[in-house]
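Chemist: quick one: sequence plus predicted model below, questions after.
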Protein chains: 2
Amino acid sequence: MAARSMTLPRIECSECPIRHRAVCARCEPDELEQLDAIKYYRSYDAGQTIVWAGDEMDFVASVVKGVASLTQTMEDGRRQMVGLLLPSDFVGRPNRAEAAYDVTAASEVTLCCFRRKPFLDLMGETPHIGQRLLEMTLDELDAAREWMLLLGRKTAREKIASFLAIIARRGTTTTDLGSAGAIEFDLPLTREAMADYLGLTLETVSRQMSALKRDNVIALKGKRHVVVEDFNLLMDETGDDADGGMPS
Amino acid sequence: MAARSMTLPRIECSECPIRHRAVCARCEPDELEQLDAIKYYRSYDAGQTIVWAGDEMDFVASVVKGVASLTQTMEDGRRQMVGLLLPSDFVGRPNRAEAAYDVTAASEVTLCCFRRKPFLDLMGETPHIGQRLLEMTLDELDAAREWMLLLGRKTAREKIASFLAIIARRGTTTTDLGSAGAIEFDLPLTREAMADYLGLTLETVSRQMSALKRDNVIALKGKRHVVVEDFNLLMDETGDDADGGMPS
DNA sequence: TCTGTGATTTGATTTCGATCAATTACAGAG
DNA sequence: CTCTGTAATTGATCGAAATCAAATCACAGA
């Protein structure tokens, strides 16, 4: 079984426009049919709560369109985002029906849902799916750990720069970035949601955005649209390694 | 959100004293034999680095004895712990040989190692193992997310109390806790390592430990041995829910 | 065009934890 | 038992981000 780790085949989950990270990325045509048989779509408006922490979830799902967030809330209202779900990300835990976190639509969101029971059955018969899920979960764990470094040790300015770099990477069509040319993207989150992501207050987020603008690291067109003329300049503000392994 | 896995069968991985979360928890006798054939033990002294971030790891492993930490370090030396590995925890990523984090022995550590290649082959043939790994990874992801809330939103005092509660839970023989009776345990980390775990400085850790002692939430015997007379009193300091779902 | 509401920015002040700087406690070596 | 070095505690001060408090902006709907 040549573990095709790196580039995965981009088989479509039928009409589902998910292409790379989705559960069905490695499936054979007949397996796709089985997935199709148990799936349905669901849409949510921006701001709408998709699931409340503690709810029973009778499905697992894959994000097709939009941005959703996982957040934890303390009794006194302090909130921390613990997951940011972009298209192709997976929602839900195969063996646990009870949701551990609030899932909220940050923009208009479409999910491709799979009914829990038949999905579990299918997983039992189709090792691909479990393997794919393991890989995705490990990636998510890596992301969570980078996030922990950000939360625990970075300054407000570094947090903002890191967040912008993450969004720029996941939002654009991956090609350039390191090379020349301006990058532009829309922020998928309000200042408040950014604060929840970064462990800051919205005021601090706003101030640091202004500071990065003042220092010509970024430019803003409107409140949400960001222009990054030189991506390396932004990276210099993140506190991260300049980039592993320049050949001496 | 008590992440409580369904109770798993406690089959021994041969001589290996791992009992509950280990990869082999669900294996049949013949599968255990195959695992035994590719495994070996390795020991490390306290403070020793087991793997450096970026190293090639030719094995994956399960912690048998002791405590190890995963840490990330920034160029200027700021450090954040991103994983705390106790006995039965898994180390390494099946499909990625390059270590993403420094792995350091916090105490004397024994690992049960499985050579990468044959382990992968065995995973291919034995769905149990991949399923077990997925479940363990999902648990780790939950733990990381609780950790993110701690790092992003909790005060220094809450961080210390939460850490002590976590260690108390994982260190003791699980039974009581909620009920009466004092709990005692040894801290497996130095103040500095606790600081790296909590996103604080060692001075702040020390000060807050003293404060909890002054306020009779904990008592100390020596520097490392903690006595918790009333676990609920400690929980009150964590900022977490008093405990989900008391029936009204 | 006017108006109201929510999102965002900006300003003034406070506070918690970091930083700088000495002690103090303690385990292991001799 | 004393010496020594590392771990831990404690104190004084500083500073980054939180908090409290107003503007200002942006845009949907009357």
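Modeler: Nice, thanks for sending it over. Numbering: from 1, shown residues only, chains lettered A, B, ... in the order given.

Chemist: report the contact partners of residue A:199.
Modeler: For residue A:199, the contact set (C-beta atoms under 8 Å, 6 or more residues apart in numbering or on different chains) comprises A:80, A:151, A:159, B:151-153. Where you see a C-beta, it was placed from the backbone N, CA and C, and this is true even at glycine.

Chemist: if you could redo that for residue A:157, that was the one I meant.
Modeler: By C-beta under 8 Å, 6+ apart, the residues touching residue A:157 are A:208, A:211-212, A:237.

Chemist: which of the contacts of residue A:199 fall within strands?
Modeler: Mapping these onto strands (DSSP state E) picks out residue A:80.

Chemist: close to DNA strand D: what parts of chain A are there?
Modeler: The interface of chain A toward DNA strand D, taken as C-beta under 7 Å from any atom of the strand, is made up of A:155-157, A:199-201, A:203-204, A:222-223.

Chemist: do a quick rundown of the strands in chain A.
Modeler: For chain A, the strands defined by DSSP E occupy A:39-44, A:49-51, A:59-65, A:68-73, A:79-85, A:90-91, A:102-105, A:109-115, A:183-186, A:219-221, A:225-228.

Chemist: touching chain B at all, the third one?
Modeler: No: using C-beta under 8 Å from any C-beta of the partner chain, strand A:59-65 stays clear of chain B, with a minimum separation of 11.8 Å.

Chemist: tell me the contacts of the residue positioned nearest the centre of chain A?
Modeler: Closest to where the C-alpha atoms of chain A average out (C-alpha atoms, centre = their mean) is residue A:85, at 3.5 Å. Neighbouring residues of residue A:85 by C-beta under 8 Å, 6+ apart: A:63, A:67-70, A:91, A:103.

Chemist: can you redo these as CSV with neighbour count?
Modeler: CSV is the format used below for the contacts of residue A:85 (neighbours: other C-beta atoms under 10 Å in any protein chain shown):
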residue, neighbour count
A:63, 22
A:67, 24
A:68, 26
A:69, 22
A:70, 21
A:91, 21
A:103, 26
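
Chemist: let me know the closest of the residues you listed to chain B.
Modeler: Looking at the contacts of residue A:85 and their distance to chain B, the nearest is residue A:70, at 7.5 Å (C-beta to the nearest C-beta).

Chemist: so where is chain A shaky, pLDDT-wise?
Modeler: Low-confidence segments of chain A, defined by pLDDT under 70: A:1-22, A:171-180, A:243-248.

Chemist: domain-wise, how is it divided?
Modeler: A:23-149, A:155-236 (automatic domain parsing).

Chemist: what would these look like in a markdown table with distance to residue B:28?
Modeler: Converted to a markdown table, the domains of chain A look like this (distance: least, C-beta to C-beta, whole Å):
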| stretch | distance to residue B:28 |
| --- | --- |
| domain A:23-149 | 17 |
| domain A:155-236 | 42 |
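
Chemist: any idea which of those is most buried?
Modeler: For the domains of chain A, average neighbour numbers computed from mean count of other C-beta atoms under 10 Å in any protein chain shown are highest in domain A:23-149, which has a mean of 18.

Chemist: thought residue A:63 was touching residue A:107?
Modeler: No: the criterion here is C-beta atoms under 8 Å, and residue A:63 misses it with residue A:107 at 10.8 Å.

Chemist: quick revisit: and the strands of chain A as CSV, adding distance to residue B:116?
Modeler: Output for these, formatted as CSV (distance: least, C-beta to C-beta, whole Å):
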stretch, distance to residue B:116
strand A:39-44, 35
strand A:49-51, 38
strand A:59-65, 30
strand A:68-73, 32
strand A:79-85, 29
strand A:90-91, 26
strand A:102-105, 36
strand A:109-115, 32
strand A:183-186, 38
strand A:219-221, 47
strand A:225-228, 39
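
Chemist: nearest to residue B:99, out of these?
Modeler: strand A:79-85 (24.2 Å; C-beta to C-beta).

Chemist: parallel or antiparallel, which strands does the closest one pair with?
Modeler: Note on strand A:79-85: by DSSP bridges, its sheet partners are strand A:68-73 (antiparallel).

Chemist: the partner strand vs DNA strand C: in contact?
Modeler: No: residues of strand A:68-73 are not located near DNA strand C by C-beta under 7 Å from any atom of the strand, the shortest gap being 14.0 Å.

Chemist: send me that strand as CSV with only the CA atoms.
Modeler: Once non-C-alpha atoms are left out, strand A:68-73 reads as follows in CSV (Å, rounded to 0.1, in the frame of the first residue of the first chain):
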residue,chain,number,x,y,z
ALA,A,68,-17.1,28.4,10.3
SER,A,69,-15.5,28.6,13.7
LEU,A,70,-15.3,26.3,16.8
THR,A,71,-15.4,28.3,20.0
GLN,A,72,-15.3,27.6,23.7
THR,A,73,-17.0,29.9,26.2
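
Chemist: residue contacts, residue A:51?
Modeler: A:57, A:99, A:102-103.

Chemist: now do the lengthiest helix in chain A against strand B:79-85, angle only.
Modeler: Looking across chain A with DSSP state H, the single longest helix is helix A:127-153. With axes from the mean of the first three to the mean of the last three C-alpha atoms, to 10 degrees applied, the angle from helix A:127-153 to strand B:79-85 works out at 140 degrees.

Chemist: coming back round to it: bridged to the residue nearest to the centre of chain A, which residues?
Modeler: Taking DSSP bridges as the rule, residue A:85 bridges to residue A:68.

Chemist: distance of it relative to residue A:105?
Modeler: Noted for residue A:85: a distance of 10 Å to residue A:105, by C-beta to C-beta, to the nearest Å.

Chemist: before we move on, back to that, ok, the contacts of residue A:51 vs DNA strand C, which is closest?
Modeler: residue A:102 (16.6 Å; C-beta to the nearest atom of the strand).

Chemist: ok, that closest one touching residue A:71?
Modeler: Yes: counting by C-beta under 8 Å, residue A:102 touches residue A:71, with 5.0 Å between them.

Chemist: about what we covered before: so can I have CSV of the contacts of residue A:157 showing distance to residue A:30?
Modeler: Putting the contacts of residue A:157 into CSV (distance: C-beta to C-beta, whole Å) gives the following:
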residue, distance to residue A:30
A:208, 52
A:211, 56
A:212, 51
A:237, 50
